[in-house]
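*Asks:* Next comes the sequence, and after it the predicted model I'd like to discuss.
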Amino acid sequence: MIGDDVAPSNYGYVGLTVEERAVLAPGGIVFEYIAAAALLVGDVVFFTSAGEANKSATTADYQKYCGVVIGGTKTFMRAITRKLDVGIAAAATGERVLVCYIGKAWVKAAAAVTRAGQLTVATTSGQVDDAAGATQGQIIGIALEAAANAGDVILALVNHR
């Protein structure tokens, strides 16, 4: 077991933590996909033309937004809910990966982020930013916390638009 984790199914899932009543508790709707590349917990991913989950530094790829990686084969198909576990391996190429499509998930900021800022995919593959100029279809959610520096892990309200 890795921290506070749970075994989700392919069905909608609410409250993926023992802190179900906590305001900053992750949880949401989780789906299982195949990883098109090595993916980490906290990576923001998109659908490839083969229907697999992948990450990219190309913003346009996120017109096919998939969600945020929360676990996979490497985490024994457990949803990782601890902030400190963001960045651990979730899946290798061809392995199963758990992706939060709508809900709250931990993500890594590529730069300073303002609380309540609209999150987009950063030029650092799999990470987020709240840089001005986000276009419809490339906004992946809202920052529920501020990030002071690049590499900070924050909770995001994941809801593609």
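*Replies:* Noted; the coordinates are in hand. Numbering: from 1, shown residues only.
*Asks:* CA only for contacts and neighbour counts going forward, please
*Replies:* Fine.
*Asks:* could you give me the average pLDDT of the strand ranked longest in the chain?
*Replies:* Secondary structure assigned by DSSP state E gives strand 96-108 as the longest strand of the chain. For strand 96-108, mean pLDDT is 94.
*Asks:* Over to stretch 111-126?
*Replies:* 90.
*Asks:* What are the buried residues along it?
*Replies:* 111-115, 117-122, 124-126 (16 or more other CA atoms under 10 Å).
*Asks:* what's the domain layout of the protein?
*Replies:* Following automatic domain parsing, one gets these domains for the chain: 5-103, 108-158.
*Asks:* Check the burial of residue 94 by counting its neighbours.
*Replies:* 15 (other CA atoms under 10 Å).
*Asks:* doesn't residue 35 make contact with it?
*Replies:* Yes - contact criterion CA atoms under 8 Å: residue 94 and residue 35 qualify, at 5.3 Å.
*Asks:* so who does the most centrally placed residue in the chain touch?
*Replies:* With distances taken as CA atoms, centre = their mean, residue 68 lies nearest the centre of the chain, 2.0 Å away. By CA atoms under 8 Å, 6 or more residues apart in numbering, the contact set of residue 68 is 41-45, 99-101, 105, 107, 158.
*Asks:* Look at it and tell me its secondary structure.
*Replies:* Classification of residue 68 by DSSP: H, G, I helix; E, B strand; the rest coil places it in strand.
*Asks:* Do you know the pLDDT at it?
*Replies:* Here the pLDDT value assigned to residue 68 is 96.
*Asks:* what's the neighbour count on the nearest residue to it once chain neighbours are set aside?
*Replies:* Closest residue to residue 68 apart from its sequence neighbours, by CA to CA, 6 or more residues apart in numbering: residue 44 at 4.5 Å. For residue 44, the neighbour count with other CA under 10 Å is 34.
*Asks:* What pLDDT does the model give residue 44?
*Replies:* 94.
*Asks:* Many thanks, I have nothing further to ask.
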